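Novice: I'll drop the sequence and a predicted model, then ask my questions.
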Number of protein chains: 4
Amino acid sequence: MSIRVGIVGIAGYGGGEALRYIAQHPRFKLVYAGGESTAGTRVGDRYPGAPGDIASLVIDKFDPTSLNNIDVLFTSLPTGASKEPLAEVPSHVKIVDIGGDHRYVDGWTYGLADVWPEQIKGATRIANPGCYPAATLTPLAPLLAGKLIEPSNIIVDAKSGVSGAGRGGGDSKFGYAECNEDLAAYGLLKHTHMPEIAATIDKLCGSSTPGATPGASSGLVFTPHLIPMTRGILATIYARGSASTQQCLDAARVFYAGRKFVRVTEKSPHTKWAAGSNLAFVSYACDPARNLVIALCAIDNLGKGAAGQAIQNANLMCGLDEDAGLAAAPMWP
Amino acid sequence: MSIRVGIVGIAGYGGGEALRYIAQHPRFKLVYAGGESTAGTRVGDRYPGAPGDIASLVIDKFDPTSLNNIDVLFTSLPTGASKEPLAEVPSHVKIVDIGGDHRYVDGWTYGLADVWPEQIKGATRIANPGCYPAATLTPLAPLLAGKLIEPSNIIVDAKSGVSGAGRGGGDSKFGYAECNEDLAAYGLLKHTHMPEIAATIDKLCGSSTPGATPGASSGLVFTPHLIPMTRGILATIYARGSASTQQCLDAARVFYAGRKFVRVTEKSPHTKWAAGSNLAFVSYACDPARNLVIALCAIDNLGKGAAGQAIQNANLMCGLDEDAGLAAAPMWP
Amino acid sequence: MSIRVGIVGIAGYGGGEALRYIAQHPRFKLVYAGGESTAGTRVGDRYPGAPGDIASLVIDKFDPTSLNNIDVLFTSLPTGASKEPLAEVPSHVKIVDIGGDHRYVDGWTYGLADVWPEQIKGATRIANPGCYPAATLTPLAPLLAGKLIEPSNIIVDAKSGVSGAGRGGGDSKFGYAECNEDLAAYGLLKHTHMPEIAATIDKLCGSSTPGATPGASSGLVFTPHLIPMTRGILATIYARGSASTQQCLDAARVFYAGRKFVRVTEKSPHTKWAAGSNLAFVSYACDPARNLVIALCAIDNLGKGAAGQAIQNANLMCGLDEDAGLAAAPMWP
Amino acid sequence: MSIRVGIVGIAGYGGGEALRYIAQHPRFKLVYAGGESTAGTRVGDRYPGAPGDIASLVIDKFDPTSLNNIDVLFTSLPTGASKEPLAEVPSHVKIVDIGGDHRYVDGWTYGLADVWPEQIKGATRIANPGCYPAATLTPLAPLLAGKLIEPSNIIVDAKSGVSGAGRGGGDSKFGYAECNEDLAAYGLLKHTHMPEIAATIDKLCGSSTPGATPGASSGLVFTPHLIPMTRGILATIYARGSASTQQCLDAARVFYAGRKFVRVTEKSPHTKWAAGSNLAFVSYACDPARNLVIALCAIDNLGKGAAGQAIQNANLMCGLDEDAGLAAAPMWP
């Protein structure tokens, strides 16, 4: 029997990617599409390649109180716009919030699905990780859990494609003519994703170390960069520890044994390997003589960094195979 | 029960895209991967995102006489390299040649799947249409069949992404630094795809007009352009006829009624609508007062222009649903 | 002695490119920068690479009545915003309007500088050609003047980089994530540049043929396309005539003899050849047996298609060398 | 009077960019072009936009003993190909080697022109800095000279456009279809530019600290990344020190006072700000409470990272203004 799902924010990049995964999902059936400026139009007007039954769905003006017949709701709204309406969604509706408003607040479960799948299975309210945190925490989790690096001295140099800025923008700084052939760091020392990464680092340390010092992550440095490509995030992470490359690779392989979406590779990962998929490619390069661990992770910011992970979380909540709807291989080239 | 399939030329762009579709196909199981320079390596070395069972397959040096256990073979070899070896493939093995060597020669069936599906169903040797011909013929077929345009006065201005040049190249003219921020026409008045387009135009005219003059297509003009993008072809076609826009749209809707991969749209089609899919988007803009018909078609050159159409052809040959393995929505953005 | 120049619309792409040429001009000195939203900021805030003296100039809220001390004014304002204010500029100030409001209206001289330099020398009000018209008319002028093609049967398939849409937009359809890896035609049968092209075709026919039928251009077809690159226009033009390739090349070489910015080439021209310059590359490919002439032209839409031609026009008006400030070679790759 | 210059390796990206700067140089006159595969062709065949006099120059097969009439020679040859032939160049010919073979060997002067201009003035053999070292050392020099950071704990996360790989390649990994929409780190812990950076760090420390420990740079970490853009390098550098952002900015402003090509900015620098120019944009972001200094530098890898710096070095050697031929503003967008 189908599981009835809805997407709020269908016209945005996260919502559109959720739609794409749902269209190929064996159990999820899209019965509701909510939007703001696009309300009243058909999904197919926005996504001319959507399958016929989804294409003919009419986008509703989002009203959280009208969702009684939905089993799972994916929400992808601008920052600040989720908290109030989602509080009114009937409690029997499972929610995965792709937006950032519920991360580490209000008791929502943090949906880092490859790390804490068991906690997600029992949840009904999931805060989906941000794209930068997903790329950062996936390679760090095995190292932190295994105490292979110092949590207080982590530098994350992260690079993202432009779709990470969302669709609403329309700012000329995200325009083709200005992003193309350009590259810059932004949000130096104050990017919005830092607290989420820091909180999860603390949690990852604490989970294996009862009584760990709060604020283990106090030395975290996070520098995001805007890259002239549509999709993809690469996190290059510099940490301190004496483990060898092989020890880190092994630790990750053990940590993620049985997980379907994390691939530990000896080669330096490329973002394109993950294009259109929920995969995360993780690698390490270490120089024990200098106490140096470099961790790398490549994802699709709209896949593992947004909608892919959201579908994975919904699968876990619904008791389905973790990779239902997510098994297609990435697109290359 | 699985249908056992093989890919020859697995390391190229056409072969890799066939692999991607096969990986999500409900009946096809990849049991053979043939290559030249990559022989001896695993498929997963080349495609780090390939599903596990496919990734572990070892690439064989292609030997056409060793394929007794294969049901369907997809071949994607450089021009000129297919004819001899494919003649040695056992006759019970169905072949779809994505390369160009068998188009309109040796009695192979021309696999324009949305136009002549019935002919393909009974075939065992399919010459898959080239990428430019697929983009050109899809919007023209309804007009030619319906005699809405003059076949002798057709100008095709076609634009292709760089993956159309194949992977082997390695020529710096296909290098990133030189293709990026560049645009040019090439092969003026002599592109290799012209005879295939011309022959099909003649066939399309003849099919509805017994006794049609041979060489109806003698006025065909075809100008390809190289566009700084990886995937996608847009064909902008100028023809002469007095039909209105609505008449052309209607003719295409009737002609392609029941076909799953051709979408007739009123909006000017974007190549990105088709990214990663087997879809073709077709539209028309006419000015009857000036006897002008503009036909437009957007495809993914590796989808409908190569591997997507090849899978569709194989589905038809095997008596499967035409869209088996091809139902996933395109990737956007 | 310096010639005092001003730019209105300094924050836009056309204004910024004018600034770049002026910065390397031997005689022009930028003394005035006018803007709207950027008024009050320094030019260097917007263009961090601008030379020091220009960088420190403060942008004024544009007031056309305050320009008594300017010798030449370049204006690059949104469509519709130029006519009223420019009517108030003191008559002794020479104006080159890069925007479209004065083309073929109000008696302004049409600044197709490589075709009609003599007319420009005596003018004080120049309507600078649009980017598409510049790319279209440059290769056509020799053919029309020499009666080598039929003026009534011209099809222009034009392709432009995204900067052609201007900076103001901020529409997500010009955003990086949506333009990248995409290609589409737009404005089918009704693009705003058609009347300008048609009027000039008529003029070009008439200039060599007193009493030519008005509306010689009535069959003109013009189809613009948006290409995923920042700069560059390629016009691929299909016309009817029995001239050979060599005859067309020769005609263009004779027509443009002594002109510094039009290069007639046997190779198919690339837009990248012109990047950052005022050059136009022109070529032809003909099939006399089929009465076919293909004309090609590659330019930088912000160079010959906007600010480069504007500087050239100003040079002509001021009695300077045509290439003052414009002699730098294009950037490659 | 003209200074007679030659370029060896004219067909490569570095050689081509040197040509572009020389074409607009007030004193340098290109009289010699040397190549290998392009010998016998004209410069204009390779660079259709080159000015007429340069375009007509015929490329010679490089013979180092035939250069008696040259004053300055720019060489841009593949790694390993420079040492032998350049040893045979007559000693009165000044050489700037854009390639890497003479950096910190054979007594050639290291041409970090904005840091050690005086040493360059008297030299006749200059090893031009690599592109990554230029981007790394420019922002570090003021900090190291002023002892604002620990030299032994520097992490350089560097990002380069694809032209940095040179033109010879032709490897499909630098092909458009594979680089576009992709991003990866490479050469982890062993990139070829590390020794050059390390040696210069040592020198920078030593120059202000007689008796400094050799190997001050032993902790250097350098991670290059390939970015889908043609030009540009951004270096994001993490160092340890208690200086404030303002102190670092001030130190750089003092250190580079009077230098024409280094711009110290408060905004995070964009590579596009430098496109086509010899400029380097330098900025800093510090968190003294965490002993953290982030240094940033954006350059054009073919400008300050190669040919721009080479021209600057040649200007210094010839006693010319440092910015002769280099004064044009960068191209934007």
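Specialist: Okay, I see it.
Novice: what does chain A put close to chain C?
Specialist: A:13, A:161-163, A:165, A:167-172, A:174-177, A:179-181, A:228-231 (C-beta under 8 Å from any C-beta of the partner chain). Every C-beta, even on glycine, is put in place using the N, C-alpha and C of the backbone.
Novice: Pull out the buried members of those residues.
Specialist: Buried members of the residues of chain A next to chain C, scored by 16 or more other C-beta atoms under 10 Å in any protein chain shown, are A:13, A:161-163, A:165, A:167-169, A:172, A:174-177, A:179-181, A:228-231.
Novice: contacts with chain D among those residues, please.
Specialist: Contacts with chain D within those, as defined by C-beta under 8 Å from any C-beta: A:G161, A:A177, A:N180, A:E181, A:P228, A:M229, A:T230, A:R231.
Novice: measure the fifth one to C:A251 for me?
Specialist: Spelled out, that is A:P228. 41 Å (C-beta to C-beta, to the nearest Å).
Novice: likewise A:A87?
Specialist: A:A87 is 74 Å from C:A251, by C-beta to C-beta.
Novice: Tell me which of these two has more neighbours.
Specialist: Higher neighbour count among A:A87 and C:A251: C:A251, with 20 against 9, using other C-beta atoms under 10 Å in any protein chain shown.
Novice: tell me the contacts of the more buried one?
Specialist: For C:A251, the contact set (C-beta atoms under 8 Å, 6 or more residues apart in numbering or on different chains) comprises C:P142, C:L143, C:G146, C:L148, C:A243.
Novice: change it to 6 Å
Specialist: C:A251 makes contact with C:P142, C:G146, according to C-beta atoms under 6 Å, 6 or more residues apart in numbering or on different chains.
Novice: and if you look at A:I155?
Specialist: A:I155 touches A:V221, A:Y238, D:Y238, counting by C-beta under 6 Å, 6+ apart.
Novice: Identify the bridge partners of it.
Specialist: For A:I155, the beta-bridge partners are A:V221, A:Y238 (DSSP bridges).
Novice: element containing A:R4, please.
Specialist: strand A:3-8 (DSSP states H and E).
Novice: List phi and psi for the residue of the stretch 201-333 of chain A found nearest chain C.
Specialist: Across the stretch 201-333 of chain A, the shortest distance to chain C (C-beta to the nearest C-beta) belongs to A:T230, at 4.7 Å. A:T230 adopts backbone torsions of phi -80, psi -50, taken as degrees, to the nearest 10.
Novice: My read is that it contacts C:A177, right?
Specialist: Yes: here A:T230 reaches C:A177: they are 4.7 Å apart, a contact under C-beta atoms under 6 Å.
Novice: quick one: A:Y132 from B:A314, how far?
Specialist: Distance, A:Y132 to B:A314, using C-beta to C-beta: 42 Å.
Novice: Which one of these two is surrounded by more residues?
Specialist: For A:Y132 versus B:A314, neighbours defined as other C-beta under 10 Å are more numerous around B:A314 (32 against 26).
Novice: which ones are touching A:R253?
Specialist: A:V264.
Novice: and it, what element?
Specialist: Using DSSP H and E, A:R253 sits in helix A:245-255.
Novice: taking the mean pLDDT, what do you get for that helix?
Specialist: Helix A:245-255 comes out with an average pLDDT of 98.
Novice: Find the closest residue to chain D in the stretch 1-150 of chain A.
Specialist: For the stretch 1-150 of chain A, C-beta to the nearest C-beta, closest residue to chain D: A:A135, 11.4 Å.
Novice: That residue in helix, strand or coil?
Specialist: Assigned by DSSP: H, G, I helix; E, B strand; the rest coil, the conformation of A:A135 is helix.
Novice: wait, doesn't it sit right on A:T236?
Specialist: No: the criterion here is C-beta under 6 Å, and A:A135 misses it with A:T236 at 9.9 Å.
Novice: Just want to know which of those two has more residues nearby.
Specialist: Per other C-beta under 10 Å, whichever of A:A135 and A:T236 has more neighbours is A:A135, with 34 against 28.
Novice: For the more buried one, give its distance to A:L234.
Specialist: 7 Å.
Novice: do A:L302 as well
Specialist: Taken as C-beta to C-beta, the span from A:L302 to A:L234 is 15 Å.
Novice: Give me the more crowded residue out of the two.
Specialist: Under the criterion of other C-beta under 10 Å, the comparison of A:L302 against A:L234 puts A:L302 first, with 33 against 29.
Novice: Which phi and psi values does that one adopt?
Specialist: Per degrees, to the nearest 10, the backbone of A:L302 is at phi -90, psi -10.
Novice: and it, what is it in contact with?
Specialist: Contacts of A:L302 by C-beta under 6 Å, 6+ apart are A:Y13, A:E17, A:R231.
Novice: just the strands in the stretch 51-200 of chain A please.
Specialist: A:60-61, A:72-75, A:94-97, A:109-110, A:125-127, A:155-160, A:184-185 (DSSP state E, counting those that start in this stretch).
Novice: for these, which one sits closest to B:D71?
Specialist: Of all the strands of the stretch 51-200 of chain A, it is strand A:72-75 that lies closest to B:D71, at 39.0 Å by C-beta to C-beta.
Novice: Report all helices and strands that that closest one contacts.
Specialist: Packed against strand A:72-75 by the contact rule (3 or more C-beta pairs under 6 Å, 6 or more residues apart in numbering or on different chains; DSSP states H and E) you find strand A:3-8, strand A:94-97.
Novice: could you redo those as JSON lines and give each row distance to B:A185 and mean neighbour count?
Specialist: Shown next, in JSON lines, are the helices and strands packed on strand A:72-75 (distance: least, C-beta to C-beta, whole Å; neighbours: other C-beta atoms under 10 Å in any protein chain shown):
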{"stretch": "strand A:3-8", "distance to B:A185": "42", "mean neighbour count": "25"}
{"stretch": "strand A:94-97", "distance to B:A185": "48", "mean neighbour count": "26"}
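Novice: Give me the helix or strand of chain A that scores worst on average pLDDT.
Specialist: Counting by mean pLDDT, DSSP states H and E, chain A has its least confident helix or strand at helix A:194-208, which shows a mean of 87.
Novice: ok, the residue of the stretch 1-150 of chain A closest to chain D to C:S163 distance?
Specialist: Using C-beta to C-beta, A:A135 is found at 31 Å from C:S163.
Novice: so A:S268 sits right up against D:A185, yeah?
Specialist: Yes: taking contacts as C-beta under 6 Å, A:S268 lies within contact range of D:A185: 5.0 Å.
Novice: more neighbours, those two?
Specialist: Each of A:S268 and D:A185 has its neighbours counted (other C-beta under 10 Å); D:A185 has more, 25 against 21.
Novice: Close to chain D: what parts of chain A are there?
Specialist: A:155, A:157, A:159, A:177-178, A:181-186, A:188-189, A:223, A:227-229, A:232, A:234, A:236, A:238, A:268, A:270-272, A:285, A:287, A:333 (C-beta under 6 Å from any C-beta of the partner chain).
Novice: Do a quick rundown of the helices in the stretch 201-333 of chain A.
Specialist: A:245-255, A:308-317 (DSSP state H, counting those that start in this stretch).
Novice: Nearest to C:S91, out of these?
Specialist: helix A:308-317 (64.2 Å).
Novice: buried ones in that closest one?
Specialist: Buried, per 16+ other C-beta under 10 Å, within helix A:308-317: A:G308, A:Q309, A:A310, A:I311, A:Q312, A:N313, A:A314, A:N315, A:L316, A:M317.
Novice: Report the mean per-residue pLDDT for it.
Specialist: For helix A:308-317, mean pLDDT is 98.
Novice: Next to chain B, which bits of the stretch 1-150 of chain A? Give me the list.
Specialist: Checking the stretch 1-150 of chain A against chain B by C-beta under 6 Å from any C-beta, the hits are A:R20, A:A23, A:Q24, A:P48, A:G49, A:A50.
Novice: number of nearby residues for the first one?
Specialist: What it means is A:R20. A:R20, neighbours per other C-beta under 10 Å, totals 29.
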